[in-house]
Structures are given as C-alpha cells and as structure tokens.
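Novice: Sequence first, then the predicted structure, then my questions.
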Amino acid sequence: MRVTRAGQAFLVAAAMVVAALAMSPAPAQSSDTSTASTQKEAPPSFAEFKASTFRDADGQYIVNGDEPIAGEKKLRQYYDRMVGAYENENGGKGDGSTSLVVNQSGGGDDVWSSSQVGNLTYCVSTSFGSDYDVVVDAMAAGAGLWENASSAVDFVHVSSADSSCTTSNPAVLFSVEPTSTTQYIARAFFPSSGDFERNVLVNSYSLQTSGWPPSNILGHELGHSLGFRHEHTRPEAGTCFEDNNWRPLTPYDSSSIMHYPQCNGTSADLSFSAYDGQGTRAVYGS
C-alpha cells in the first residue's frame, strides 16, 4: 500500500500531523518532534484544509488514510477539534484531552450494542468480477480475527444480497463494494456512521498487490467498523497524530493491526496482536 499525498490534509503543530494517508509498505515521512517543538506552524484555514482533503466519489471526505467524513459540516467539526488540539499543545484554549483505542461519539464510546455486534451482516458486491472470491475470502478471514478475540462479535456474510450489494440494501448492515480510486486500498466506517455511509470500499487490485495479506488489510478496516481508531494517533507513536477523540483500552501497542507500519508501527504485515484481542474484549466482552 502506498502513501498518497494528493488530498493530504495537514494541521502541523508540535508532534502532530493530520494526513489523508493511504496505507503503504513504504515508510512514510515522520514528523520531526525536535524541529516541530521549535517551529510551531499555525494550522491552515478551514478553506485550505478542505481544499487539500481528498473527496471520494460518494462525496465523503477521507481523512487519516481510510476514515470517511460525510459532508462539509462534519469535516468542519473535525477541523475544529484539530485546531483545539493544536491550541492546547501550544498553550492556547484546547480542551486538554490527552486520552487498542476506541472512537468517541456523543460523549461516549462509538461501539455497537450487545445485540447488534452479534449480527454484523454484510454483502460483497459481485461487481468485483474476477476478484470477487478474493474479497469474499479476505473479508471472512479478516472478520475471523475479531470474532476469535470475542465470541460476542459475529460478522455474517449474506451472500444472497451480493448481486444487489449497496448501502441501500435493507438485508445487510453494510456493503463491501469496489472502488477504482488509488487514494487508498480500502476504507471503512464507524458504528455511529449513518445507514448510507456504512460501506467498506476496496480497490481489489491494490488489495492483492500491496505486499500485505488481504485478510489483514480488511481486518484493519473491520476494526474501524467495530469502533476502533488508528493506534498511531496515540502520542507514544511520535508521528501521524490524528486527533484526541478516543479512549485508550490497552497500553500503547506499536504492533497493533490498527497501527500503520509507516507510522512507527512494528508489525510489518498488520498482524492481529494480543492487545488487539484484549481491547476487543474490553469493549464487547469475552
């Protein structure tokens, strides 16, 4: 998976870089914390931030490599949180928030209910053509990583919906659909996402040629669908900061499946770690 800088959205301050990174086996440039501490650049205006952020075919903005934001209003909210984090880092009016990590929404954890997490239905579009079986198998294996960690989690492939696999199909909770963009290999959603935002979009060619196991790539995306954020947003990573809108579940884990290797991660292939399992059980039980 390669790092794309087109559409890169960045608010640079101290040790934070907000980037629309696509995952890549090649190392990404790390922020120099020693330089950043003396060169505290002011964040761009919202107009500049918006203009530099990749907008997907469905109109959603993509931040942090594979996380969609639906519409300009939510993008502005994201921007405002980042500016607040910048101001706090530099002695301003930030909210002071510093605290595997779970996304926050509405003042609480962004996770599924105990009944819904046991029935996470999805379809895989037949529009993948000759790559259909590859995506089906990778989804099943990626889902198995989380299911093996907690018996409460169950992803269910509804194959009867595959021929009409879209976000508007009421037979499934989310769809897995092809994309031709090269801005990312795959992208997902969070539990708080609206019905028509719940899809996993996959560039099947990149999925098979990235050098990373397709099952781990889609396992990473399914981690987002369970509510888990990128591990490298934690300050211990020293780079690729995203925002403070999360709650820690385990000690920092540089080998997490949710940690980009190019952001000082130590897992070369996005393997599922013991802490990933522990964090899953902390949220959904064993």
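Specialist: Arrived safely. Residues are numbered from 1 along each chain as shown.
Novice: show me where pLDDT drops low in the stretch 1-150 of the chain?
Specialist: Scanning the stretch 1-150 of the chain for pLDDT under 70 picks out 1-44, 81-99.
Novice: Okay, helices next: where are they in the stretch 151-286 of the chain?
Specialist: Assigned by DSSP state H, counting those that start in this stretch, the helices in the stretch 151-286 of the chain fall at 204-209, 214-225, 274-284.
Novice: Who are the packing partners of the shortest one?
Specialist: Spelled out, it's helix 204-209. helix 132-149, helix 214-225 (3 or more C-beta pairs under 8 Å, 6 or more residues apart in numbering; DSSP states H and E). Using the backbone N, CA and C atoms, a C-beta is placed for each residue, glycine as well.
Novice: hmm, back to that, can you redo the helices of the stretch 151-286 of the chain as TSV with mean neighbour count, distance to Asn148 and mean pLDDT?
Specialist: Putting the helices of the stretch 151-286 of the chain into TSV (neighbours: other C-beta atoms under 10 Å; distance: least, C-beta to C-beta, whole Å; pLDDT from 0 to 100) gives the following:
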stretch	mean neighbour count	distance to Asn148	mean pLDDT
helix 204-209	18	22	97
helix 214-225	24	11	97
helix 274-284	20	8	95
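Novice: export those helices to CSV and tack on distance to Gly129?
Specialist: Rendered in CSV, the data for these read as follows (distance: least, C-beta to C-beta, whole Å):
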stretch, distance to Gly129
helix 204-209, 8
helix 214-225, 16
helix 274-284, 32
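Novice: among those, which is nearest Gln116?
Specialist: helix 274-284 (10.6 Å; C-beta to C-beta).
Novice: So what touches the closest one?
Specialist: 100-102, 109, 111-112, 114, 117, 145-146, 148-150, 152-153, 223, 226-228, 249-251, 253, 255-258 (C-beta atoms under 8 Å, 6 or more residues apart in numbering).
Novice: ranges for the helices of the stretch 1-150 of the chain?
Specialist: Taking DSSP H, counting those that start in this stretch as the criterion, the stretch 1-150 of the chain carries its helices at 33-38, 46-52, 71-89, 132-149.
Novice: Take these and lay them out in a markdown table including distance to Ser204 and mean neighbour count.
Specialist: Putting the helices of the stretch 1-150 of the chain into a markdown table (distance: least, C-beta to C-beta, whole Å; neighbours: other C-beta atoms under 10 Å) gives the following:
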| stretch | distance to Ser204 | mean neighbour count |
| --- | --- | --- |
| helix 33-38 | 37 | 11 |
| helix 46-52 | 28 | 14 |
| helix 71-89 | 27 | 18 |
| helix 132-149 | 6 | 19 |
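Novice: Now distance to Gly265 too, for these, in TSV please.
Specialist: Below are the helices of the stretch 1-150 of the chain laid out as TSV (distance: least, C-beta to C-beta, whole Å):
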stretch	distance to Gly265
helix 33-38	17
helix 46-52	25
helix 71-89	22
helix 132-149	16
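Novice: Gln183: which of these is closest?
Specialist: Comparing the helices of the stretch 1-150 of the chain by C-beta to C-beta, helix 46-52 comes nearest, at 12.7 Å.
Novice: Would you mind pulling up the elements that the closest one packs against?
Specialist: Using 3+ C-beta pairs under 8 Å, 6+ apart, helix 46-52 sits against helix 71-89.
Novice: ok, back up a step: and of the helices and strands packed on helix 204-209, who's closest to Lys73?
Specialist: Once the helices and strands packed on helix 204-209 are compared by C-beta to C-beta, helix 214-225 is nearest, at 21.0 Å.
Novice: so that closest one versus helix 132-149, what angle?
Specialist: 60 degrees (axes from the mean of the first three to the mean of the last three C-alpha atoms, to 10 degrees).
Novice: From the contact counts, what lies against helix 214-225?
Specialist: helix 132-149, strand 186-187, strand 199-202, helix 204-209.
Novice: Can you give the contact residues for the second one?
Specialist: Just to be clear, that refers to strand 186-187. So strand 186-187 is contacted by 56, 62, 66-68, 179, 200-203, 207, 217-218, 220-221 (C-beta under 8 Å, 6+ apart).
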